[in-house]
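I'll drop the sequence and a predicted model, then ask my questions.
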Amino acid sequence: MLEGIKAVGFDLDGTFLKTHVDYSRLNMADRMVLESHGLPFDEIYSREYIKRPRYPIRQWLESHGRGDEFPSISREIDEAFTQVEIEYVDEAVPYPGSRECLSELRGMGIRTGLLTRGSLRYAELALAITGTRDGFDAVMGRDHSSYDNAKPSPVAMRELAELLGVDPGEILYVGDNVTDYMSAHDAGAMFAGVLTGRGDRDMWRETDPDIIVLENAGRCVDLFRS
């Protein structure tokens, strides 16, 4: 089943670590920044997105002669997101098996990476607090390159593969929601869904009946044992 897999990537929240993030505040952070600059949030995001991209802001600013403001506003939104993410970061704990699977995977010659829509600062802090950072060969946040390259974009998975020194098709990515699946699947990576976060068996079955379902991220080592 896992022939040719040389690396395992993990999502952070709800997958590798149990974390406390105020997602209702996180979901409002970009609105608050935009409105503080006099930008019409509801006009900019007049349609629904799986995850709100940043390019509609740039397009609105450019169409109103304010394109030079985009970099600073984008950075301000990123910082607002990060402040929400790190507020309760000291409550982060690994799910059962998360810590242990890293050393076992490495013992098998499998490289390990972490890819999150959270910021790199948040990810590094959460891993440091839980004592799990040294178990990863690469850690990547939404701010690795362009914000719009973050999950669910397949670009994120390709960038993780580059950091790990493998091809996307040589990665098994483990996550807890559909955006994780989309990024992995569209980049040609293998995907396994866990039951510790937002995804349940019905959701995974409806998303793709061929998805590997794991009780928790640590159980990914069973796939290599078999």
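Yep, it's here.

show me what contacts the nearest residue to residue 133 once chain neighbours are set aside?
Spatial nearest neighbour of residue 133, chain neighbours left out: residue 127 (3.9 Å); criterion: C-beta to C-beta, 6 or more residues apart in numbering. Every residue, glycine included, has its C-beta placed from N, CA and C. Contact analysis of residue 127 by C-beta atoms under 8 Å, 6 or more residues apart in numbering lists 17, 114, 133, 136, 139.

distance of residue 149 from residue 205?
Remark: distance between residue 149 and residue 205 (C-beta to C-beta, to the nearest Å) = 29 Å.

Who has more neighbours out of those two?
Comparing residue 149 with residue 205 by other C-beta atoms under 10 Å, the one with more neighbours is residue 149, at 18 against 13.

Surely that one touches residue 159?
Yes: Residue 149 lies in contact with residue 159 (C-beta atoms under 8 Å); the separation is 6.8 Å.

so what's residue 86 up against?
Residue 86 makes contact with 121-122, 125, according to C-beta under 8 Å, 6+ apart.

most neighbours, which of those residues?
Neighbour-wise, the contacts of residue 86 (other C-beta under 10 Å) top out at residue 122, 27 neighbours.

which stretches of this protein form strands?
For the chain, the strands defined by DSSP state E cover 7-10, 17-18, 93-94, 111-115, 138-140, 171-175, 190-194, 212-214.

Other residues contacting the fourth one?
Taking C-beta under 8 Å, 6+ apart as the criterion, the residues outside strand 111-115 that touch it are 6-12, 16, 102, 105-106, 123, 127, 135-140, 151, 156-157, 160, 163-166, 171, 173, 183.

cool, and stretch 198-208?
14, 175-178, 181, 185, 193, 195, 211, 213.

let's go with 6 Å and repeat that
Identification of contacts with stretch 198-208 by C-beta atoms under 6 Å, 6 or more residues apart in numbering yields 14, 176-178, 181, 193, 211, 213.
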